[in-house]
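Novice: coords please:
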Amino acid sequence: MAVEGAAARPMHCIAVTIALIPALSSWVLNTINTTLQAAGTSLGELYAQGNNTDGHTIQTFTDQRFYLEGVISLSQGFVVSSIVICAMCMFLFDKLFITAAIWAIVGALLSMVGLIHAYEIDEVHGVVSVYGVAAAPKFGAMYLATAAMLVLASLTSDEDIAKQDIQLPLRPFMQWIYARAGGETRSQYRSFIAIKSEEDDYQGPADGLPPSTGALGSRNPPSTTSLSNEPLLAAAQQSA
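Specialist: From the prediction side, this is the model:
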């Protein structure tokens, strides 16, 4: 199933690869800390020594074209940030710009409260996470700017894609509401989902094959058997 999904939407593989960058940054940071500990020092000690000599440890790495600040920022909360980046890229590649913009706003909120990208360097503990208001304002502004550009890009979308893009973020909430409804409402929702899934999969008969064939590559039209007529028949019998 994973192979079939990758073949159907290869751009999603690229989105997953991009989302691995924060995890890679975390590995690089752990490698740096391990190397410094083997040398008898730590990143916190180097940072303190740099400040005492009117220098800056991060600037020293930057002068050597190793951007330590970016590595540390991406490594903080890398599991959550990878999910956000992956979702943004997947919806962007599918041209669902509004949904991608919503994920960008989520990334901005997480950055501003310090769940991702926020850090400070302590002399004793080295790199530590920082939580609070405007914990990582640069990343928050970047995510918001990305969301704004995605909203502008949505103005150029096709009408059908735009409708799907607006409905998609609301679907989980509708599922949550209907899932807690009882009896007939829940049954109607499940029947609607079954028929909608068949309609989405149906794209007409394959070339040279009639709609009723069961050969490989054919697409049968959606059936209406998933809708139960028993409530309607019972009501008709009672009225008679």
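
Novice: tell me the domain ranges of the protein?
Specialist: Domain segmentation of the chain under automatic domain parsing yields 2-154, 159-203+216-239.

Novice: And these, which one averages the lowest pLDDT?
Specialist: In terms of average pLDDT, domain 159-203+216-239 trails the rest of the domains of the chain, at a mean of 56.

Novice: Phi, psi for I121 please.
Specialist: Dihedral pair for I121: phi -100, psi 120, per degrees, to the nearest 10.

Novice: I'd like to know how far the nearest residue to it once chain neighbours are set aside sits from L24.
Specialist: Computed as CB to CB, 6 or more residues apart in numbering, the closest residue to I121 that is not its neighbour in sequence is Y47, at 4.6 Å. The way it works is simple: take the backbone N, C-alpha and C, and place the C-beta from them, glycine included. With the distance defined as CB to CB, to the nearest Å, Y47 ends up 23 Å from L24.

Novice: More neighbours: the two, which one.
Specialist: Counting neighbours by other CB atoms under 10 Å for Y47 and for L24 shows that Y47 has the greater number, 21 against 14.

Novice: On the three-state scheme, the more buried one is what?
Specialist: helix (DSSP: H, G, I helix; E, B strand; the rest coil).

Novice: thought it was touching E120?
Specialist: No: contact criterion CB atoms under 8 Å: Y47 and E120 do not qualify, at 9.8 Å.

Novice: For the one helix or strand L36 maps to, which outside residues touch it?
Specialist: Here L36 sits within helix 21-38, counting by DSSP states H and E. Residues outside helix 21-38 that contact it (CB atoms under 8 Å, 6 or more residues apart in numbering): 42-43, 46, 68, 70-75, 78-79, 81-82, 85, 126-127.

Novice: try 6 Å
Specialist: Outside helix 21-38, the residues that touch it by CB atoms under 6 Å, 6 or more residues apart in numbering are 42-43, 71, 74-75, 78, 81-82.

Novice: and what of stretch 98-112?
Specialist: 84, 87-88, 91-92, 116-117, 134, 136, 139-140, 143-144, 146-147, 150-151, 154, 165, 168-169.

Novice: redo that, cut-off 7 Å
Specialist: Outside of stretch 98-112, the residues within contact range by CB atoms under 7 Å, 6 or more residues apart in numbering are 80, 84, 87-88, 91-92, 116-118, 133-136, 139-140, 143-144, 146-147, 150-151, 154, 165-166, 168-169.

Novice: Give me the buried entries from these.
Specialist: 80, 84, 87-88, 91-92, 116-118, 135-136, 139-140, 143-144, 146-147, 150-151, 154, 165 (16 or more other CB atoms under 10 Å).

Novice: separation between the residue lying closest to G77 once chain neighbours are set aside and D63?
Specialist: Among residues not flanking G77 along the chain, I116 sits closest, at 3.6 Å (CB to CB, 6+ apart). From I116 across to D63, the span is 27 Å (CB to CB).
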